[in-house]
Structures are given as structure tokens and as C-alpha cells.
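Colleague: From the sequence below, what's the structure:
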Amino acid sequence: MEAREHPIHPQPVKGRGALSRLPHRFTIDARDTFDDGWGEPGADDGTPPPVTEVLLEDARSAISANDSPDIPFDYSVNPYRGCEHGCIYCFARPTHSYLGFSPGLDFETKIVAKRNLAALLARELAAPRYRPAPINLGSATDAYQPVERALRLTRGVVEVLARACHPFTVVTKSSGVELDLDLIAPMAAQRLAAVYVTITTLDARLARILEPRAAMPARRLATVRALAEAGVPVGVSVAPQIPFITDDMEQVLAAAHAAGARRAFYTVLRLPWELSPLFREWLAAHFPDRAERVMARVREMRAGRDYDSAWAQRMHGQGVWAELLRQRFATACRRLGLTGERSGLTLARFDPGALRAQGDLFGPDGFS
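Modeller: Here you go, the predicted structure:
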């Protein structure tokens, strides 16, 4: 395995969330840079900023099944691995380790695109053994990240779902979802589609370092409004809640409700595997005055650890601060009239025969 250097004083990279190519957990030989006292922390070493590279992949399957009781969907489809939005808190970052890439800068600069996803999805939905349940798009990485504008893999997936009248939900922080309103709005009218827009904070300056290549908060509110005006059931995700960093949950919920959101949910910060040191690097660079305080509160919610994967509390944490968050969220939603219930999508219209009848759309063998 290739060794990767990890700088002693990682500095922010313009337009990126992670500060370094932190070695992944399967790396055999990792090297740290030695500080001999002659260099200046943060000095420009002349290294050009990382550019985004798109790697095309022929996926083996389209639908991922979920049996975790704390996740409100059974199936998900993810057109991309990695995400250019660069959200430093993204719980999916450690999945890049399975590809031999760093969960740090590689996660947001090496984007793997599943070019055959629509064909695979059509095949799997049309299979006699398939039992329908609402599918979530982008459960791991955003299905409408910047590369979607060129590749349109998510649109291909939505087209398949539309032909089969199969219900789905989307969770995104991108205005790109508006480009598919011509497909999503008619499906929503048949109770086949709902969208959740993630708005972590209304503070544009914070958003720029927290999730650097995602749409700005004001733009996301405009997307909520556009979806609602098109008749699409729309909710807001105020996730993740980060102690002493994101502190405007009530304001986000109020603004989203004013824009047309009628549902809401939240989670607290999750730091599995390599995400913990990556987030600590980010804290040290951007919030050195409160870094230890933030991590102390994170550990308080995780039974003294940086992360606890137990499903009973991994989404919302435990302890006094977690309970305070729960009460704040519940109170704000009750005052605004927001519900935590998912949009009631129907399975009654699902028609796998529509995909079998149009098999020629997917190649000479029907679905390849």
C-alpha cells in the first residue's frame, strides 16, 4: 500500500473541507512530517490546490438494503462515491478507505461515478424477487453534487423510478435537485416522491468552511421554496448538530418553514473511524479557541468516546446535552407546525412490468 505523508500543521485548503490526505485505516505504511523547528506552520510550500477527478465505475448492484432500526428507509441508491461538497462532518468519508483512498481530501477530490447505475436499477426493480419499498437517493453521498450536472446519473435513476412508478425520497444540500423537477413534481402529485433539504446553519461564513462546495444556506432555502411551490412534499434536515459550532437550529427551522418545509429531522455529529482525526484537524485550524470544548461535549454525548455506533443512540446521542437538543428541536417543531413524520408515499402504483416492456431502452440484453 502506498505510504502517504500527513503534515504536522495542516492548513485549510481553499474550497475544500478536509485539511489533509489523512492516511486511511488500511494503510500499511503511513509517514508523518517531522517538524525540525525551521519551518513556519502554515507556510506555502508551493503545492498546487487539489483538483477534482471523476473516476467512472461499472457497479455490480444498484440497490443497497438497510436493516438498521434507526434509519427510516429500507433501500438506498447512491450514484456517486465521494462527494465534492467537502462537508467536514460527513459520516461517509471513511467509506473511501475501502477504495484505497484517503477519507480526507481524496473523498472530496476523487469522485467515483457509477455509470451503469440506471440500467442496474431497472434490472433489479423488474426482477420477480424484488419487494418494493421507498428508495432513498443519496443516503451516503449527495446525489446532486456538482458532477451530476454533467453526468446526470441521478436523473437517469429518477427516470427509471418514474417509469416504474416507484416511490423515492431525496436528501440533498444542492440546488441541482431543481433541474429534475420536471420528473419529481409529477411523481410527487402521485405520492411517489418527497425531498429533504439539509440546512446545517444560516451562517454563510460558517457554511463556507463547514461544507465549502455545497449551495449557500440562502440558496438552499430558495430550493425549499421552489420544491414547495411545485407541489413536492419538502422537509428540512438540520443535521448534524455540532456543539458550540452550529447554534441556530431554531432559526433554521423557522426559515425553512417560511419557505415551505413541513417536515424536519436532525442528528448529532457522528465521528466514525478516520472522521474523528479529520474533524479534529478542522477544529484546530478554524476554531482553536474552542476545539477541546467541542470534543469534550461530543464525548459527553458518546459515553466518553469520540463515537459510539450503538444504533439506539448513534443518531441523537445521550446525556444532558443530547436531551437538551431533543427538547429544543421538539419545541421548535411544535411551535412551527413541523412534523417528524415521513411523507406518506404509496407503493400501490409500482409497475415493474413497465420496465420489462421497455427493456430495449437499456441495451440489447434488456437491462445492460
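
Colleague: which regions of the stretch 151-300 of the chain lie under the pLDDT threshold?
Modeller: Counting by pLDDT under 70, not a single residue of the stretch 151-300 of the chain qualifies.

Colleague: what are the ranges of the helices in it?
Modeller: 153-164, 181-189, 204-210, 217-229, 249-259, 275-286, 291-301 (DSSP state H, counting those that start in this stretch).

Colleague: Would you reformat these as JSON lines and include distance to residue 346 and mean neighbour count?
Modeller: Yep, even glycine has a C-beta here, placed from its N, CA and C like the rest. Shown next, in JSON lines, are these (distance: least, CB to CB, whole Å; neighbours: other CB atoms under 10 Å):
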{"stretch": "helix 153-164", "distance to residue 346": "13", "mean neighbour count": "22"}
{"stretch": "helix 181-189", "distance to residue 346": "11", "mean neighbour count": "17"}
{"stretch": "helix 204-210", "distance to residue 346": "35", "mean neighbour count": "16"}
{"stretch": "helix 217-229", "distance to residue 346": "19", "mean neighbour count": "19"}
{"stretch": "helix 249-259", "distance to residue 346": "25", "mean neighbour count": "20"}
{"stretch": "helix 275-286", "distance to residue 346": "37", "mean neighbour count": "20"}
{"stretch": "helix 291-301", "distance to residue 346": "37", "mean neighbour count": "17"}
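
Colleague: Take those helices and write them to JSON lines, including distance to residue 330.
Modeller: Putting those into JSON lines (distance: least, CB to CB, whole Å) gives the following:
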{"stretch": "helix 153-164", "distance to residue 330": "33"}
{"stretch": "helix 181-189", "distance to residue 330": "27"}
{"stretch": "helix 204-210", "distance to residue 330": "24"}
{"stretch": "helix 217-229", "distance to residue 330": "21"}
{"stretch": "helix 249-259", "distance to residue 330": "11"}
{"stretch": "helix 275-286", "distance to residue 330": "27"}
{"stretch": "helix 291-301", "distance to residue 330": "17"}
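
Colleague: just the strands in the stretch 51-200 of the chain please.
Modeller: 53-57, 64-65, 75-77, 80-81, 110-114, 135-137, 168-172, 193-198 (DSSP state E, counting those that start in this stretch).

Colleague: again, but for the stretch 251-368 of the chain
Modeller: Counting by DSSP E, counting those that start in this stretch, the stretch 251-368 of the chain has strands at residues 263-265.

Colleague: on that earlier part again, which one of the strands of the stretch 51-200 of the chain lies closest to residue 338?
Modeller: strand 193-198 (11.9 Å; CB to CB).

Colleague: what angle separates that closest one from helix 181-189?
Modeller: Between the axes of strand 193-198 and helix 181-189, defined by axes from the mean of the first three to the mean of the last three CA atoms, to 10 degrees, the angle is 110 degrees.

Colleague: Strand 193-198 pairs with which strands, and in what direction?
Modeller: Strand pairing for strand 193-198, using DSSP bridges, gives strand 168-172 (parallel), strand 234-237 (parallel).

Colleague: how about the CA coordinates for the first one, as CSV?
Modeller: As requested, C-alpha coordinates have been extracted for strand 168-172 and formatted as CSV (Å, rounded to 0.1, in the frame of the first residue of the first chain):
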residue,chain,number,x,y,z
PHE,A,168,-38.4,7.6,-3.5
THR,A,169,-37.1,10.3,-1.3
VAL,A,170,-34.1,12.6,-1.7
VAL,A,171,-31.8,14.1,0.9
THR,A,172,-29.6,16.9,-0.6
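
Colleague: any idea of the angle it forms with helix 153-164?
Modeller: Using the same axes, to 10 degrees: strand 168-172 against helix 153-164 is 160 degrees.

Colleague: Can you list the buried residues in strand 168-172?
Modeller: Across strand 168-172, burial judged by 16 or more other CB atoms under 10 Å covers 168, 169, 170, 171, 172.

Colleague: Closest to residue 275 out of those?
Modeller: residue 171 (18.5 Å).

Colleague: Any figure for the gap between the residue nearest to the closest one when sequence neighbours are not counted and residue 16?
Modeller: Distances taken as CB to CB, 6 or more residues apart in numbering place residue 196 nearest to residue 171, at 4.6 Å, with adjacent residues excluded. Applying CB to CB, to the nearest Å, the value for residue 196 to residue 16 is 25 Å.

Colleague: What of residue 334?
Modeller: Between residue 334 and residue 16 the distance, using CB to CB, works out to 39 Å.

Colleague: Now do the phi/psi pair for the residue nearest in space to the middle of the chain.
Modeller: Among the residues of the chain, the one closest to the centroid is residue 141, at 4.2 Å (CA atoms, centre = their mean). Taking degrees, to the nearest 10, you get phi -130, psi 160 for the backbone angles of residue 141.
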